[in-house]
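In: need a 3D model of the following:
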Amino acid sequence: MLRVYADAYVHLGMYIHDEYAGLFFNDPDEQTALKPRSEESKGDLKDHLEALIKHCETLKLDFSKEMIASRLNDLPQTSREFKILVDGMLKELKGPLARRIDVPITVAAR
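Out: Numbers count the residues shown, from 1 in each chain. Just a heads-up that it's a prediction; the model follows:
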């Protein structure tokens, strides 16, 4: 029996991609320092993190949910900081994912 539809995983990936791209363009390099985020940008990031928390609830990723929730008041500043949160989600997904997809195997008699 399918417990979670595939669109939940697709939406999780979309939120991850959107926020990673936004943070990537703010990353410092040799010529530019880290730019301070505007209040609007901070609000957008917080909204994305809250959406990720909801997706973690749907996918029963309790550790990831707590890890992301802990950053709501101390937002990631760079794509690398955000990647640490994403890596935690992917590690949590990696093991149980196979156990969450219950596909009954049947052989049709001929």
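In: residue 55 in helix, strand or coil?
Out: helix (DSSP: H, G, I helix; E, B strand; the rest coil).
In: for residue 82, which non-adjacent residue is closest in space?
Out: Nearest non-adjacent residue to residue 82, counting by C-beta to C-beta, 6 or more residues apart in numbering: residue 76, 4.2 Å away. Bear in mind the C-beta positions are built from the backbone N, C-alpha and C, glycine included.
In: surely the one you found touches residue 85?
Out: Yes. With contact defined as C-beta atoms under 8 Å, residue 76 reaches residue 85; the gap is 6.8 Å.
In: I'd like the average pLDDT over stretch 29-43.
Out: Mean per-residue pLDDT for stretch 29-43: 77.
In: if you could redo that for stretch 83-98, that was the one I meant.
Out: So the average pLDDT for stretch 83-98 ends up being 79.
In: which residues sit against it?
Out: The contact list for stretch 83-98, computed with C-beta atoms under 8 Å, 6 or more residues apart in numbering, reads 12, 16, 20, 52, 56, 59, 61, 63-64, 67-68, 71, 76.
In: just the ones in helices from these, please.
Out: 12, 16, 20, 52, 56, 63-64, 67-68 (DSSP state H).
In: which of the residues you listed sits closest to residue 41?
Out: residue 20 (14.4 Å; C-beta to C-beta).
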